[in-house]
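K.L.:
Predicted structure and sequence below. I'll ask about it afterward.
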Amino acid sequence: MTVAPKVQDDGTSGGSGSGGNNSSGTYYPNCDAVRAAGAAPIHAEDPGYGRHLDRDGDGVGCE
C-alpha cells in the first residue's frame, strides 16, 4: 500500500500555506495526493483541506 506524502507545517513559513483553516498539520499539495490518501472529496472541516484544492470555492475540494 502506498501512502501519499503529507507535509506538516512547522509554523516557520509565515502562514498556513494551505489557504484554509487547517490547524491539523496535514497538508495535501494537490488533488492527486488527496485521492491517493483516500480523502476525496475533501471538505472544509476535514484535516488537510485548503482553498487551493477547491476550484469553485464551495467548501468541497477535489470533487
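P.N.:
Yep, that arrived. Computed from a prediction, not measured in an experiment: that's the story for all the values here.

K.L.:
would you list every one of the strands in this structure?
P.N.:
In the chain, the strands defined using DSSP state E lie at 42-43, 60-61.

K.L.:
Quick one, which of those gets closest to residue 30.
P.N.:
Closest of the strands of the chain to residue 30 is strand 60-61, at 10.0 Å (criterion: C-beta to C-beta). In this view, the C-beta of every residue, glycine as well, is placed from N, C-alpha and C.

K.L.:
where does the protein have low pLDDT?
P.N.:
Scanning the chain for pLDDT under 70 picks out the ranges 1-23.

K.L.:
Recalculate using a threshold of 90.
P.N.:
For the chain, the stretches flagged by pLDDT under 90 are 1-24.

K.L.:
mind listing the helices for it?
P.N.:
Ranges of helices in the chain, per DSSP state H, are 31-36.

K.L.:
thinking again about what came up before, which one of the strands of the chain is the most hemmed in?
P.N.:
Most buried of those, by mean neighbour count (mean count of other C-beta atoms under 10 Å): strand 60-61, with a mean of 22.

K.L.:
partner strands of that strand, parallel or antiparallel?
P.N.:
Its sheet considered, strand 60-61 pairs with strand 42-43 (antiparallel) by DSSP bridges.

K.L.:
contact partners of the partner strand?
P.N.:
With contact meaning C-beta atoms under 8 Å, 6 or more residues apart in numbering, strand 42-43 is reached by 28, 34, 48, 49, 53, 59, 60, 61, 62.
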